[in-house]
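*Asks:* Sharing a model that was predicted from the sequence below.
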Amino acid sequence: MANKDKKSVLIQGNQAIVEGAIAAGCNFYAGYPITPATEIAEMMANRLPRIGGTFIQMEDEIASMGATVGAALSGAKALTATSGPGFSLKQEIIGYACITEVPCVIVNVMRGGPSTGLPTCPSQGDVMQARWGTHGDHPIIVLAVSSVEDSFDITVTAFNMSEKFRTPVILLSDEVVAHTREKFEIPDPEDVQVYNRVKPTVPPEWYIPYENTARGVPPMASFGDGYRYHVTGLVHDIHGFPTERREEVKAFTERIHRKISHFYKEIQIVKKYMTEDADVNIIAYGSVARSAIHAAKEARKQGFKVGVLQLVTLFPFPRKDVEEVLRSSKRVIVPEMNMGQIAREVKRVNKNYTRVVKLNRYDGSLINPDEILRLIREAL
Amino acid sequence: MADRYELCLSGFGGQGLILAGIILAEAIGIHEGKYVSQTQSYGPEARGGKSKAEVVVSDTPIDYPKPTDIDLLLAMSQDACDTYYIDLKAEGILVVDSTYVSEVPSNQAIQVPCTKIATDLGLKMVANIVSLGAISEVSDCVSYASLKKAILTRAPKGTEKLNLAALSEGAKAAKKAMS
Amino acid sequence: MVKHRDSTHLVHQYLRHNKKFPHVWCPGCGNGIVLGALIRAIHQHQYERDDIVLVSGIGCSSRMPVYVDFNTIHTLHGRALTFATGIKLANPKLKVIVVTGDGDSMAIGGNHFIHAARRNIDITTIILNNNIYGMTGGQSSPTTNYGDKSTTAPYTHIEHAFKISELAVTAGASFVARGTVYHADKLQKLIEAALTKDGFSVVEAVTHCHVQYGKLNKLGSNVDMMKWQKDNSITVQKAAKMKEEDVEDKITMGVLMDKPLPNFTKEMAKLKDRAKE
């Protein structure tokens, strides 16, 4: 039995994202109305000005992304939220944030697609777009939330990772998570661990804005801090000036990948439910992970050993954890509200360890536990 | 109560079913300290057609947030009753607003004229609260006192008395319907 | 006004010496003249370099920020004003200046331009209008004139040009002025004025692209094109007294709009105070 607590509130996933963002220090939001993400904008419009932050409704999705990156360059912790069609429009500037290494968080509350698709129905169809939506080779972090509690916690994580690794972070929610109301206890601000970007401490004339540091993440000055430097979407040298010199282009591209790839351990978050002794493991994320856990518990009641590997970090793809489960299971089920996007990644890392079975639903509704149970029974 | 208890409040758009779902979830989750998950049909359906709000209650954290097997169905329109009755467990409870539902699918149905009661109280809009009163009477999933607290937090200023009267009349009518 | 021999010296003081020069502009380009006017205008006001953010989009004119020693940002095609809006709102103490071209601000960035003007956000925007896409090699822009040629209008352009300054006035900017690179001192004065204005201020700098536009339309050298600017410019005051059809082919120079309107940045500060109450 959960404790009764005065601080408990019944909130939707979208509101938990707002609360999480504010707890993480978010003080800027630029957005454009779109179902099913609009509540995030509405609540930000209400909350941010009261704490001295800034909310602006821009003229379109692209402008919202531009203002988000601009604000981050002025030192803000900036958020924008959207859904499929808006996410497509934002892609060019997300790439700009990758190449200029601007920390910011982009929420995509996934709905059915492509195009206008199913505006009010859940989907997980944007997983690959989150990874590869913007053009060019680029590193990016993609996280997925599955509940109100997650929506708070993982939003904090998203901000922390964006600040720590100087990268845009994509937070994927879906219509189910966004609109499900659950009880949540908003933590005290002092109990929330917040990471802020490292700023330069050297005198301005010594500042090398894109220095190849050990971690690969150079300190970031805000505009107005006294470190006058140049920001450009062109590939640049360590001083920020455009370059086409091969050795400089190569070093730059390698560094922006290295700053993520050297920290997989820290970035790749998974949750394991009864996976160790399981004959069948389910690999799932987002709201579907909850159907999977429900199914696994039900299966255990019926005497089947079933576990769930919930992916919180979708990209960089948590290969090690997935491999571990592939090695130890007789069968792996990958349920998704799409035609099979993460399943393809799972199959990519499956070196004949086990059989991977997809379970796909693309009719605009959440996969229910019975559908997964049926596959479990078939497997055992 | 079993580990998982599932309610479905259904009717047509404009009857305040989603608000009723939120109040119910707050009463159970916040005031009774249980785990709750509240979802709704959202979108075009919510604008004039069928509408439903669902609440899952549990003593332990809830994995799957939507109902799988409904324990209590509230139907406030014939259409909703016909559509969702099939989702009700064999031993589940059916509460209908007899103002709109004339053909009941089961002789076990508890018939409460929610909308008529609300209209008699002077505001048709509080039919959703009347139905919550009925639910508190027919099921153990929520107490009358918790619903009262939840309503008082949600009700717009000046409407508290009317809403509490609606809750009370709903409970009374359900008691009568069951006797 | 700074004397011209001193002007070069002054401009050099603001250039980045660790930047790999030479610049990307063609010999005889007007962009350098606009940069000079901008630097002199900033110098006149004695702004702190640390407080200035120079923002640009994509195109020839948008290469300007990299050369000067301010906080500088070269954004994406058409999007300079969106970034500038975020930069300004997150730190309203910054003096935010956008440099953009006719393609950047009127085509791909047209929506952002009219909305920045409507909002009347405290940003100065300098639009270098050379009637063509120079960097990509001479394609039609929204200010390419009807009947002129471009590489994408080999049989002449059948669309009509936007009047940038008039559009800015209609969209709600509180200060709008037009100058030319021939009238460099006057251009500096207009930029100086724009920088002091509360709200969205626009200076349209008419310039030439002799390499693309001039060549395709047989307009002569850069000198010939600047002479054309000299011979075809009239003041706003004079234009007001002329018949509309006589003004059509002229460059109307001067201040087209100067009216204090509610400034978005200040309105935002007031909104926050109201929200906190």
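*Replies:* Right, received. Where do you want to start?

*Asks:* which bits of the stretch 1-150 of chain C sit near chain A?
*Replies:* Contacts of the stretch 1-150 of chain C with chain A, taken as CB under 8 Å from any CB of the partner chain, map to C:16, C:18-20, C:49-51, C:53, C:55, C:65-66, C:69-76, C:79, C:81-91, C:93-94, C:111-112, C:115. Bear in mind the C-beta positions are built from the backbone N, C-alpha and C, glycine included.

*Asks:* Likewise for chain B?
*Replies:* That would be B:22, B:25-26, B:29-40, B:42-44, B:59, B:62-66, B:68, which are the residues of chain B within reach of chain A (CB under 8 Å from any CB).

*Asks:* which ones among these are found in strands?
*Replies:* Secondary structure assignment by DSSP state E places B:35, B:36, B:37, B:38, B:39, B:40 of these in strands.

*Asks:* export stretch A:232-247 as PDB, just CAs?
*Replies:* Extracted in PDB, the C-alpha atoms of stretch A:232-247 (Å, rounded to 0.1, in the frame of the first residue of the first chain):
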ATOM      1  CA  THR A 232      28.500  28.000 -37.200                       C
ATOM      2  CA  GLY A 233      26.700  25.000 -38.800                       C
ATOM      3  CA  LEU A 234      29.700  24.700 -41.100                       C
ATOM      4  CA  VAL A 235      32.300  22.100 -40.000                       C
ATOM      5  CA  HIS A 236      34.700  24.200 -37.900                       C
ATOM      6  CA  ASP A 237      38.100  24.000 -36.400                       C
ATOM      7  CA  ILE A 238      38.800  24.200 -32.700                       C
ATOM      8  CA  HIS A 239      38.400  27.900 -32.700                       C
ATOM      9  CA  GLY A 240      35.000  27.700 -34.300                       C
ATOM     10  CA  PHE A 241      36.000  28.900 -37.700                       C
ATOM     11  CA  PRO A 242      34.800  27.100 -40.800                       C
ATOM     12  CA  THR A 243      37.300  24.600 -42.200                       C
ATOM     13  CA  GLU A 244      37.500  22.200 -45.000                       C
ATOM     14  CA  ARG A 245      41.000  20.900 -44.100                       C
ATOM     15  CA  ARG A 246      40.800  17.200 -44.100                       C
ATOM     16  CA  GLU A 247      42.600  16.600 -40.800                       C
END
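
*Asks:* which ones are touching the residue of the stretch 151-277 of chain C found nearest chain A?
*Replies:* When you check the stretch 151-277 of chain C against chain A by CB to the nearest CB, the closest residue turns out to be residue C:275, at 3.5 Å. Residues near residue C:275 by CB atoms under 8 Å, 6 or more residues apart in numbering or on different chains: A:49, A:50.

*Asks:* quick one: what helix or strand has it in it?
*Replies:* helix C:264-276 (DSSP states H and E).

*Asks:* how far is that helix from where the chain is centred?
*Replies:* 29 Å (CA atoms, centre = their mean, to the nearest Å).

*Asks:* Okay, buried residues for it please.
*Replies:* For helix C:264-276, the buried set under the neighbour-count rule, 16 or more other CB atoms under 10 Å in any protein chain shown, comprises C:264, C:265, C:268, C:272, C:275.

*Asks:* what does stretch C:138-152 give?
*Replies:* Within stretch C:138-152, the residues that qualify as buried are C:138, C:139, C:140, C:141, C:142, C:143, C:144, C:145, C:148, C:149, C:150, counting by 16+ other CB under 10 Å.

*Asks:* same deal with stretch B:137-157?
*Replies:* Going by neighbour count (16+ other CB under 10 Å), the buried part of stretch B:137-157 is B:137-139, B:141-142, B:144, B:146-151, B:154-155.

*Asks:* what residue ranges in chain B score low on pLDDT?
*Replies:* Residues of chain B that meet the criterion pLDDT under 70 lie in B:1-2, B:42-48.

*Asks:* whoops, I mixed them up, the stretch 51-200 of chain C
*Replies:* In the stretch 51-200 of chain C (pLDDT under 70), no residue qualifies.

*Asks:* can you pull out the helices in it?
*Replies:* Under the criterion DSSP state H, counting those that start in this stretch, the stretch 51-200 of chain C contains helices at C:80-90, C:102-103, C:110-119, C:164-171, C:184-196.

*Asks:* After the last one, which helix or strand is next? Please name it.
*Replies:* Moving toward the C-terminus from helix C:184-196, the next helix or strand (DSSP H and E) is strand C:201-206.

*Asks:* Direction included, what does that next one pair up with?
*Replies:* Next to strand C:201-206 in the sheet, as set by DSSP bridges, lie strand C:124-129 (parallel), strand C:175-180 (parallel).

*Asks:* chain center to the last one, what's the gap?
*Replies:* Which is strand C:175-180. For strand C:175-180, the distance to the chain centre is 9 Å (CA atoms, centre = their mean).

*Asks:* Identify the residues contacting the closest residue in space to residue C:45 that isn't next to it in sequence.
*Replies:* Nearest non-adjacent residue to residue C:45, counting by CB to CB, 6 or more residues apart in numbering or on different chains: residue C:195, 6.0 Å away. Going by CB under 8 Å, 6+ apart, residue C:195 touches C:41, C:42, C:45, C:47, C:95, C:97, C:124, C:201.

*Asks:* now with 7 Å?
*Replies:* Residue C:195 makes contacts with C:41, C:45, C:124, as judged by CB atoms under 7 Å, 6 or more residues apart in numbering or on different chains.

*Asks:* Please apply the same query to residue C:89.
*Replies:* Here residue C:89 is in contact with A:54, A:56, A:71, C:268 (criterion: CB under 7 Å, 6+ apart).
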